[in-house]
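Visitor: Quick one: sequence plus predicted model below, questions after.
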Amino acid sequence: MDTTSASSSSSSRFAAVAIVAAALLLLPVLSAADDWEEAHATFYGDETGAETMQGACGYGNLFDQGYGLDTTALSVALFNEGWSCGSCYELRCTGSPACATGGSSTVTVTATNLCPANYSKPNENWCNPPLRHFDLSKPMFLRLVTDFHVGIIPVQYRRVACAGKRGGVRFEMQGNRWWVAMLVFNVAGAGDVKAVAAKGSRDGGWMDLSRSWGQIWSNGDGRLVGQGVSFRVVASDGRSVELDDVVPPQWAFGQSFEGKGQF
């Protein structure tokens, strides 16, 4: 018997089995990515997007922070008390004569605000729980419909990766000398963050930060004043990135700094 040929044949079979097994493992992931869920969508503000700035996630000027007008406010059920801030969604219009291009057009938006509930109108407010609803910037709504006067449309949506970010994760220093906070933004990948830790250049140890609201994180005191700061950020999908020496010791409130890395 030719042992060399037998060994080669065995290796080939092993490689083939490994490839099939890997493909089977990927099938559930790929199927999940193709699963669309039902919701509705409206818009707020005008074409300039001025009314979409600021908001319940803690972001400021969305143009300066890299989000532009590709944004949405989420209903209470989707907002998840602010944990969904920064997450990205693909939407398509369905089942309405107003759908542009027969419903084949899609938009990808980042969650930057909350569409609040109105319990005085429990049967007419689309953002009341448990409804899933997207309140889009007007330019995004106009890409889905032929006439914005329709007001509200049925849509399908799915979570997608936040792609196309320029540079690394960014941090804006906020608060005061007694209470230091950081806005975390420009996050690629999952987009939303589930944990942040900071390390001062003098302290030398990692301290877990608490989420104050939206994407504002704080350690509850002012010990980071006058220190350089490194960060460790964990996204909602479990991926993490450690960013060393992001903030110099001479930082000032209101300044933002870029970590040299993404997920």
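Guide: Received the coordinates, thanks. Model, not experiment: these values are computed from the prediction.

Visitor: List the residues that contact the spatially most central residue of the chain.
Guide: The residue lying closest to the centre of the chain (C-alpha atoms, centre = their mean) is S87, at 2.1 Å. S87 makes contacts with 110-111, 159, 162, 190-192, 236, as judged by C-beta atoms under 8 Å, 6 or more residues apart in numbering. From N, CA and C alone the C-beta is placed, and that goes for glycine too.

Visitor: same thing with N128?
Guide: So N128 contacts 75-76, 117-119, 122 (C-beta under 8 Å, 6+ apart).

Visitor: Report pLDDT for it.
Guide: The score at N128 is 94. That number is its pLDDT.

Visitor: and if you look at V17?
Guide: 34.

Visitor: Mind listing residues that contact stretch 187-197?
Guide: By C-beta under 8 Å, 6+ apart, the residues outside stretch 187-197 that reach it are 83-88, 110-111, 161-163, 165, 169, 182, 184, 206-209, 211, 215, 217, 231-237, 239, 262-263.

Visitor: With stretch 223-237 instead?
Guide: 83, 87, 169, 171, 177, 180, 182, 184, 187, 189-203, 206, 240-249, 251, 259, 263.

Visitor: just to revisit the earlier point, can you flag the buried ones in the contacts of stretch 187-197?
Guide: Those of the contacts of stretch 187-197 that meet the buried threshold are 84-88, 110-111, 161-162, 165, 169, 182, 184, 209, 211, 215, 217, 231-236, 262-263, by 16 or more other C-beta atoms under 10 Å.

Visitor: Can you select the buried ones among the contacts of stretch 223-237 for me in PyMOL?
Guide: In PyMOL syntax, the buried subset of the contacts of stretch 223-237 is picked out as below (16+ other C-beta under 10 Å):
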select buried, resi 87+169+171+180+182+184+187+189+190+191+192+193+195+196+197+198+199+200+241+243+246+247+251+259+263
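
Visitor: So which of the contacts of stretch 223-237 belong to strands?
Guide: Using DSSP state E, the subset of the contacts of stretch 223-237 located in strands is 171, 180, 182, 184, 193-200, 206, 240-247.

Visitor: chain center to stretch 97-105: distance?
Guide: When distances are taken as C-alpha atoms, centre = their mean, to the nearest Å, stretch 97-105 is centred 26 Å away from the chain's centroid.

Visitor: so where is the stretch 101-250 of the chain shaky, pLDDT-wise?
Guide: Low-confidence segments of the stretch 101-250 of the chain (pLDDT under 70): 102-103, 122.

Visitor: which residue ranges form the helices in it?
Guide: 138-142 (DSSP state H, counting those that start in this stretch).

Visitor: N80 falls within a strand, correct?
Guide: No: counting by DSSP: H, G, I helix; E, B strand; the rest coil, N80 is not part of a strand but helix.

Visitor: how much space between it and F263?
Guide: Applying C-beta to C-beta, to the nearest Å, one obtains 20 Å for the distance of N80 from F263.

Visitor: Beta-bridge partners for the nearest residue in space to F253 that is not next to it in sequence, please?
Guide: Nearest non-adjacent residue to F253, counting by C-beta to C-beta, 6 or more residues apart in numbering: M173, 5.5 Å away. Beta-bridge pairing of M173 under DSSP bridges involves M182.

Visitor: for T106, same thing?
Guide: R92.

Visitor: count of neighbours near it?
Guide: T106 has 17 neighbours, counted by other C-beta atoms under 10 Å.

Visitor: looking at it, it is touching T94, isn't it?
Guide: No: the criterion here is C-beta atoms under 8 Å, and T106 misses it with T94 at 10.8 Å.

Visitor: Pull out the buried members of the contacts of N128.
Guide: Taking 16+ other C-beta under 10 Å as the criterion, what is buried in the contacts of N128 is 75-76, 117.
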